[in-house]
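K.L.:
Next one to model:
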Amino acid sequence: MASLQPWYHGTITRSRTEDLLTKADRDGSFILRSSESILGAYALCVLYQKCVYTYRILPNEDRKLSVQASEGVPNRFFSVLSNLVEAYYSPNMGLVTHLQHPVPKEEELDDESEQNTQPPQLPPRNFQVSDVKESHEQTCLALSETYLQRLQMVDLSAVPDEHQRALQEYFSTSLVLDAAQVHSGNPSMPGLKKLTLGLCRNLNNEISRIVPTLEAFQKVLDQQMSPGIGRSRSQVSADRVQSMSLKLEQLTKLLDSIEEKAKSSVFETVGFDGGCKRSLIPPTFEVKSESLGISTKMYLKVDVETGRLYFKKSKDGAEDKFFLQNKILQLIKSQKMPAKLVIVVETDREKILKKDVIFFDTKKREGFCQLLQQLKNKHSAKPEPDMITVFVGTWNMGNAGPPHSIKSWFQCNGQGKTRDDTADHIPHDMYVIGTQEDPLGEREWIDAVKNALRLITDISFKLVAIQTLWNIRIMVLAKPEHENRISHIFSDSVKTGIANRLGNKGAVGVSFMFKGTSFGFVNSHLTSGSEKKLRRNQNYVSILRFLNLGDKKLNPFDITNRFTHLFWLGDLNYRIELPSTEAETIVSKIKQQQYQELLGKDQLNMERDEGKVFLHFDEEDISFAPTYRFERDTREKYAYTKAKATGTKYNLPSWCDRILRKSYPLVHVVCQSYGCTNDIMTSDHSPVFATFEVGVASQFVSKQDPSSASDGGIKLMNCVATLFTKSKTRFFIEYHSSCLEKIVKTSEGENTELKNGSIKVRFGEVQLKPIISDPEYLLDQHILICVKSTDFDESYGEGCVALRAAEACGTEFHVTLTHHGERTGTLTGGIQLHLAECKQTEKLYDFIKVEKDDHGSSKSKTGDNKFILPHALEITNPSYMGVGIKCGYATDKGWSYTPKAGSISPKCPGHDQAPSTPGENKTGTEMFDNPLYASRATHGRKEQESPRWDPPTPPPPSDPGAPVPVVVDGDPERPPKPSPRNRSFVCPSSESKPPPGGSAGPKRPVGGARPPRPAKRQGPLDPLLLPKPREHAIPPARPSQPSSAYRLARE
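P.N.:
Just a heads-up that it's a prediction; the model follows:
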C-alpha cells in the first residue's frame, strides 16, 4: 500500500513538502503526496538544483496512473503507485532528474492518551504491535472486545434482562458477522437491523398506534384546515416495512408541529407579538448634562415600542419633551471620556442640536446605545435589515447535564465585558451555541436552549441548523422573521482524534447566507494536555483543510477566506505555559485579577504571535478569569491537581474556551461583550459568551433604470505577487466574487527569482465587469484572489480585496497571501473602481460613531446650543480599524490600503459633495461619512492637520494619456514606499509623524507658508541648459523626491 511507503506523505501541505525537500538538500530527493486540487490525483515533487519541480499523477478511466512529464515522452500507465515510483528511478523518463532519494515522513506527534474514567478509545490488541499486516479477523475481534469492555462500564440497571442479553450477543457475535459483510461489499448490516427491531418491537407497535391520534390532533390545531396534511390511518397501519428511524422522525416532527401550532394559536389569541418582555416598562437612565459649564442631573427614557426618546428633569417628571426615532440623528461616543455620549437630534424647526451627557459608567452608556439602535431598527422604513446582532457561546459541559437555569449565559451576565442589565433582555437576531462533551441528545438540547431563550425574550426561535460529532455539537437559532432571509445552509464535521479517525476530538461547522452576507461558524474541541501544543496546531490545520462549508465554487480557498464573517469557538485547550510549581502563584494572580501577565504565557496568544495558528483572526480583550479547571458545583476553587496511578497530574488554570473571528476587509463588526458566567457550575469549565454587531448586505435590487445605468468597471493593475516558494513553475491569478458573472483568470505572470529564495511574479492589467454597477451594491462587495500554478492548478496563496477601498478614484492595496492557515507571500497592486452615479443609503450601523479627540462643547456666538459638526478627523468607526483588539497580539489583519498618489484633489464622478460649513443647521453628510469607507474621507482628515492650502498635484507624465503609475512594494525600479501598516486607516494623532521606516523627502511646511509647487515635467532636458539654483528665490522640489501631495497621500 502507498500509505506504508516512506516516500508517500498523504495530505501533507505543499509548503511543508518544499520545506522537507529543502532540508534534504540532495538532487533527486522526492516526495509523493495527495493533490490539493484534483480528487484521486497525486503530486510528485522532485528537488533539483535547489528548486522543487512538481508533476501530476492522474488516473485514467481504468484507474491506472500516469505521470504528466515533459512533452514528447510517451505516457506509461501503472496500476499501483509503488510500481510507478520504481519505474521513475530510471533516468530519461521525462522528469527534470530521475528519482533517487525518498524523503521519509516526519515523526508524528503522540496522539492524546488521557487517563480518565471514560471508556477506552483505542481497541485493545491481543497480538504484537510490531505486526504491521493485521488480518481482518484480528481487527474485527479487537473491535468486538472494545465494545464489550465499554458495555461493562455502562450502568445497565434500568435495562431489561432480555435487552442486556441481546446487546451482549450482538457485540460478541453479530458485530463480527456484520463487519465481515461490510468487508465483502454489503453495507446493510443485517445483525444491527435485527437487534434494532428486537429492542424496539413494542415501540414500533406503539408508534403505529399513536401516530394517527397525533395526526388528528394536528389537523384540529391547523388554522387553515388544509385537507391531506399528514398520512391517513390506513397508510400508517399498512406500512409495516417502514424503518424505525423514519417512524421516529415522523413522530418527532409531529410533536414539534403540535407544539409550535399550539403556541402560535395561544399567542394569537392573547395578542402577543413576540416582542421584548421589558418593552412595556421602558428603561430610564440617570445622566449628567453640562450646559454653559453647569452640570445638571437628567433622565433619559427609551421607549422602544413607541420609538421615542424622552429627556426628563426628574425620574417621575413630565414626559412632554421627546424626540421620535427619525429625529435622533447620531450618537457620538467619546473615547477620552468612556462614559460620555453626544446625542445629535433635530428639532421641529429643523435645527440640529447636540446633547452632551455623561452616564454612570461605560456599561450604562453601551446599554443605552444598544437600546437606541434597537429603537431605530424597529421603526426603520427599510424593508430589510442592514445590521444584526449575533450571540456566540461555547461550553464544555463535562459530560454532565445543564443546571435548571442557563439564562445567565444567554444574557451575558458574569465576568469580563458584559451587557448592562437594561439591555440583557434585548433579543439577538441569531444564537450560535457550541458545546463539547455534551451528554444530551440533539432534541433534548434544542428544547433546553429554546426554553431558556423563550423565558428571556418571549420569542420562539427557529432552528437553522445543528451538527453533531460524537459529543461535539453546534446549533444555530434565529428569529422567526429571519427564516426566509437565511439560505444555502451547509454543515460538516472533521475528526481529529486518535489517527484523525475518532470523533472525541475534532470540529463541527455550519455555514449559510444571510441575504447577501455569508456566515461561517466552527466549534472545535482540540487535543488536551499542556504539553500537546503542537498537536493542537495540527488539529487546527486539519480542520482548515477538510471542513467543507460554504460555496463549493470557492474550492481553492479554505474556510478562512470563504465567508464575510467566520467565527471560531470551542474548547481549544491551549494552556498557560508555566511550570506546575507555579500553580499557587497562578491562582493568587487570578484572585487579584492580574490577568495580563498570565495572558502573556497563554499558548494560544504565543502561537498566534508567531503566525502558527489563527492567522489574521481577532479576539476581544480577555478580562475574565480562566474558565478551566474548576471543582464542580463551585467557582471559588480551581482543581489543578489530579491523582493518577503514575503520579500527580497538573491541569493549571487556563483560558481553554475561546471565541475568535475573522472578517473580510472594511466590513462592520463590533464585539459588544466577551466573558464567562459565574453561576453555571455543573462542569469543570465555565460557559463563555460573546456578542457581535454585524453589518449585512441585502439581496440587491437596483433603483436605477437598467437602460440608463452606465456600466461599472473594476480595474486591477500592476499586481506583483511575492511568493515564499522554491517551486519551478509559472503562475496566474484567479479572481472570484459574487459580483462577477464568472471566474476571471489572468495571463501567465512574469517570474523573477529573488536572492532570499522567493519568487516575484508580475501580472498584467485586468478589467473586471460587475453584474451590477450601482454603488449601493458594489461597495459592499469583495474580490477574492487566488495565485495558482499553471502546471498543477494548485493554490500558492489566497487573499481578499474590498471594493470599498477603491471608492475614491484609486487605491493601492497590500494583501498577505495565505494557504491552509500559513503565510505564503504578499500581493500588492492598484485598484480603481468606476461607479454609476447614485446616492447611497445611510446604514444603521453608522448611527453610532466614536469621537477620537474631545475638544469640549462647541457653541455658537449667540449662545444657542447649536451643533457645530466636528471635522472628519474626530469621527470614526472603530470596527473598521480593530480598535477593540487591545492585546499586543493579532494586530496584523493581513491587508492595508493606501490612497493613490495624486488622488487627493480630484473626486470620482458620482461622489462630489459640497463641503460642510461650520455653524450651518444641517446634518453635514460630508462630516458624518465614515472615513474608513473610502480614502476620500481620509484626505479630509489629512488636510485638517496642516494650514489650509490647496495641495499641489504631482507632475503629469510625459505622455498625457498615460495613467499615473502605482507604486508597488519591493520593486527597486519604482519610487520607495513606506513599509505597510498592520492596520488600515489608523487615525493619526494631532501631530504629524514621519512614515514608518524613516522620513522620505522634505518635511511638510509649518506655519502659514505655502509649499513650493513642483516644476512641470517636460521632455528630456540638456544638463547644460538647466538654470542655476541661485537664480530662483524658491527652488523647486527635487525630481528624486516625492511631491507634497504624494507624501500627503502616502502618510
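K.L.:
Every contact and neighbour count from this point should use C-alpha atoms.
P.N.:
Noted.
K.L.:
how distant is stretch 460-472 from the center of its chain?
P.N.:
19 Å (Cα atoms, centre = their mean, to the nearest Å).
K.L.:
In PDB, list the C-alpha atoms belonging to that stretch.
P.N.:
The C-alpha trace of stretch 460-472 is given here as PDB (Å, rounded to 0.1, in the frame of the first residue of the first chain):
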ATOM      1  CA  SER A 460     -39.800  31.000  19.900                       C
ATOM      2  CA  PHE A 461     -36.600  30.900  17.900                       C
ATOM      3  CA  LYS A 462     -36.300  28.800  14.700                       C
ATOM      4  CA  LEU A 463     -33.700  26.100  14.400                       C
ATOM      5  CA  VAL A 464     -31.500  27.000  11.400                       C
ATOM      6  CA  ALA A 465     -29.000  24.000  11.600                       C
ATOM      7  CA  ILE A 466     -27.500  21.600  14.000                       C
ATOM      8  CA  GLN A 467     -24.400  19.400  13.500                       C
ATOM      9  CA  THR A 468     -23.100  16.800  16.000                       C
ATOM     10  CA  LEU A 469     -19.800  14.800  16.000                       C
ATOM     11  CA  TRP A 470     -19.900  12.400  18.900                       C
ATOM     12  CA  ASN A 471     -20.200  14.800  21.900                       C
ATOM     13  CA  ILE A 472     -19.200  18.000  19.900                       C
END
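K.L.:
And the contacts of it?
P.N.:
Residues from elsewhere that reach stretch 460-472, judged by Cα atoms under 8 Å, 6 or more residues apart in numbering: 274, 434-439, 442, 450, 453-454, 473-480, 483, 489, 491-493, 495, 503-510, 523-525.
K.L.:
Write the PyMOL selection for whichever of those residues are buried.
P.N.:
PyMOL command restricting the contacts of stretch 460-472 to the buried ones, with burial defined by 16 or more other Cα atoms under 10 Å:
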select buried, resi 434+435+436+437+438+439+442+450+453+454+473+474+475+476+477+478+479+489+491+492+493+495+503+504+505+506+507+508+509+510+523+524+525
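K.L.:
Next step: the contacts of stretch 460-472 restricted to strands.
P.N.:
Using DSSP state E, 434-436, 473-478, 489, 491-493, 495, 506-510, 523-525 are the members of these that sit in strands.
K.L.:
Look up how far residue 731 lies from residue 831.
P.N.:
For residue 831, the distance to residue 731 equals 20 Å [Cα to Cα, to the nearest Å].
K.L.:
Give me the more crowded residue out of the two.
P.N.:
residue 831 (28 against 24; other Cα atoms under 10 Å).
K.L.:
Residue 718 is in contact with the more buried one, correct?
P.N.:
No: counting by Cα atoms under 8 Å, residue 831 sits too far from residue 718 to count as a contact (9.0 Å).
K.L.:
residues shared between the contacts of these two?
P.N.:
By Cα under 8 Å, 6+ apart, no residue touches both residue 831 and residue 718.
K.L.:
Would you mind naming the helix or strand containing the residue positioned nearest the centre of the chain?
P.N.:
Central residue of the chain (Cα atoms, centre = their mean): residue 566, 2.1 Å from the mean position. Here residue 566 sits within strand 565-571, counting by DSSP states H and E.
K.L.:
Let me know the angle separating that strand from strand 472-478.
P.N.:
140 degrees (axes from the mean of the first three to the mean of the last three Cα atoms, to 10 degrees).
K.L.:
From here on, call the first residue 478.
P.N.:
All set: I'll call the first residue 478, so the last point we hit is now strand 1042-1048.
K.L.:
what lines up beside strand 1042-1048 in the sheet?
P.N.:
strand 994-1002 (parallel), strand 1134-1140 (antiparallel) (DSSP bridges).
K.L.:
What is the distance between it and the centre of its chain?
P.N.:
With Cα atoms, centre = their mean, you get 7 Å for strand 1042-1048.
K.L.:
which outside residues touch it?
P.N.:
Under Cα under 8 Å, 6+ apart, the answer for strand 1042-1048 is 869-873, 911-913, 995-1003, 1036-1037, 1133-1141.
K.L.:
Quick one: mean pLDDT over that strand.
P.N.:
Strand 1042-1048 shows a mean pLDDT of 98.
K.L.:
what element comes up after the one helix or strand residue 849 maps to heading to the C-terminus?
P.N.:
Assigned by DSSP H and E, residue 849 falls within helix 839-855. Once the chain leaves helix 839-855, the next helix or strand it forms, by DSSP H and E, is strand 864-873.
K.L.:
hmm, who's touching that next one?
P.N.:
Contacts for strand 864-873 (Cα under 8 Å, 6+ apart): 886-887, 905-915, 1000, 1046-1048, 1134-1136, 1160, 1162-1173, 1321-1322.
K.L.:
tell me, how many neighbours does residue 1029 end up with?
P.N.:
10.
K.L.:
same question, the one 10 residues further on
P.N.:
The tally of other residues near residue 1039 (other Cα under 10 Å) stands at 25.
K.L.:
For residue 990, see how far away it is.
P.N.:
11 Å.
K.L.:
tell me the mean pLDDT for the helix holding residue 849?
P.N.:
On average, the pLDDT along helix 839-855 is 90.
K.L.:
Show me what it is packed up against.
P.N.:
In terms of contacts (3 or more Cα pairs under 8 Å, 6 or more residues apart in numbering; DSSP states H and E), helix 839-855 is packed against strand 771-780.
K.L.:
Buried ones in the strand it packs on, by neighbour count?
P.N.:
775-780.
K.L.:
Quickly check the residues you listed for the two that are furthest apart.
P.N.:
Farthest-apart pair in the buried residues of strand 771-780 is 775 and 780; separation 16.3 Å (Cα to Cα).
K.L.:
Please go through this structure and pick out the longest strand.
P.N.:
strand 1299-1311.
K.L.:
any weak-confidence spans in the stretch 1278-1427 of the chain?
P.N.:
Residue ranges of the stretch 1278-1427 of the chain with pLDDT under 70: 1285-1286, 1313-1316, 1329-1369, 1377-1427.
K.L.:
go again using 80 as the cut-off
P.N.:
Applying pLDDT under 80 to the stretch 1278-1427 of the chain flags residues 1284-1287, 1312-1319, 1329-1370, 1374-1427.
K.L.:
What of the stretch 1078-1227 of the chain?
P.N.:
Where the stretch 1078-1227 of the chain drops to pLDDT under 80, the residues are 1120-1124, 1176-1189.
K.L.:
Could you rerun that using 70?
P.N.:
1177-1188.
K.L.:
what do you get for the stretch 928-1077 of the chain?
P.N.:
Using pLDDT under 70, the stretch 928-1077 of the chain has no residue that qualifies.
K.L.:
Show me the helices in it, by range?
P.N.:
1010-1023, 1060-1068, 1072-1076 (DSSP state H, counting those that start in this stretch).
K.L.:
which helices and strands sit right next to the first one?
P.N.:
Think helix 1010-1023. Helix 1010-1023 packs on strand 963-972, strand 983-991, going by 3+ Cα pairs under 8 Å, 6+ apart.
K.L.:
Which one of those lies nearest to residue 1085?
P.N.:
strand 983-991 (19.5 Å).
K.L.:
relative orientation of the closest one and strand 1042-1048 in degrees?
P.N.:
Going by the same axes, to 10 degrees, strand 983-991 makes 150 degrees with strand 1042-1048.
K.L.:
strands paired with strand 983-991, and their directions?
P.N.:
When DSSP bridges is applied, strand 983-991 pairs with strand 963-972 (antiparallel), strand 994-1002 (antiparallel).
K.L.:
Return the distance of the closest residue to residue 556 other than its chain neighbours relative to residue 570.
P.N.:
Excluding its sequence neighbours, the residue lying closest to residue 556 (Cα to Cα, 6 or more residues apart in numbering) is residue 541, at 5.0 Å. According to Cα to Cα, residue 541 and residue 570 sit 18 Å apart.
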